[in-house]
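K.L.:
Predicted model follows, preceded by the sequence.
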Amino acid sequence: MAKVTISTLQKMRSENDPITMVTCTDASFAGMLDIAEVDMFLVGDSLGMVVQGDNSTLGVTMDDMAYHTRCVAKGTSRGLIVGDLPFGSYQRNPEQAFDNAVELMAAGAHMVKLEGGVIMAETVNFVVERGIPVFGHIGLTPQSVHALGGFKVQGKTDEAIGELVDAAKALEAAGASGLVLELVPNEVGKRVTESVNIPVIGIGAGPFCSGQILNLYDMLDIYQGRKPKFVKNFMTGAPSILDAVKAYVAEVKAGTFPAPEHCF
């Protein structure tokens, strides 16, 4: 199987070939996701909740992220690995972001992800100009959950929609290779996706994005905490975990996931 690269993602976006992305934190699951032909693996700071048992992502450290990135890198030969920069590891200044991005790249990531809109454009540009690809993350940004007043749908007013579009454009102009767009109504997902020329990967952002991402522990019904509306349990009726992941890939590619019941 050919290795997925940034060029692969851009070609898929241009050809309207939906991109599949799943969170992953260990080598065993990474190898299985490769077999299922998942395009991108996010070593996400959501591991703070689904692996470490916290009630938010805020306690995750750079050591945690580097460790899990190394594990995933050892298990995959196909998927493109995105390493999350955790809370407090990039917000101080661009130099801090670059230093911590270097650590994740050395651990095996192919690019890093950070949260935030227009205010993070300078940081994205600084990191990208020094040779490290960056994925942005806008909409609901879990590291800002307290400032946002909880895990709430974003982009519900004209002003908020305009801010999301401006954020997407600013991050693209700064050199971001793509964006995660989280928890917005379908039409907002469509508008943001159409406003830029880079891939926009949706999570609770409707069917019109360039691709979809789910948390592996949610889609396999492993995590027993509260699951968002946008999650589908792919283990239902599946004879194995591998079959469940293959079903996810097939439904994203066919455009049948997310279905209306997973959307806002």
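P.N.:
All right, it came through fine.

K.L.:
distance of Ala2 from Glu37?
P.N.:
10 Å (C-beta to C-beta, to the nearest Å). To be clear about C-beta, it is placed using only N, CA and C from the backbone, and glycine gets the same treatment.

K.L.:
and what of His68?
P.N.:
Using C-beta to C-beta, we find His68 at a distance of 22 Å from Glu37.

K.L.:
for the record, mean pLDDT for stretch 192-199?
P.N.:
Per-region confidence: stretch 192-199 scores 98 on mean pLDDT.

K.L.:
Touching, Thr20 and Ala250? I think so.
P.N.:
No. With contact defined as C-beta atoms under 8 Å, Thr20 does not reach Ala250; the gap is 9.5 Å.

K.L.:
neighbour-wise, which of the two wins?
P.N.:
Thr20 (26 against 14; other C-beta atoms under 10 Å).

K.L.:
What pLDDT is listed against the more buried one?
P.N.:
On the pLDDT scale, Thr20 gets 98.

K.L.:
Centre of the chain to the helix or strand hosting it, how far?
P.N.:
Element membership for Thr20, per DSSP states H and E: strand 19-23. Centroid displacement of strand 19-23 relative to its chain, using C-alpha atoms, centre = their mean, to the nearest Å, is 7 Å.

K.L.:
Also stretch 32-39?
P.N.:
From the chain centre to the centre of stretch 32-39 is a distance of 16 Å (C-alpha atoms, centre = their mean).

K.L.:
same deal with stretch 53-73?
P.N.:
Centroid separation for stretch 53-73 versus its chain: 15 Å, with C-alpha atoms, centre = their mean.
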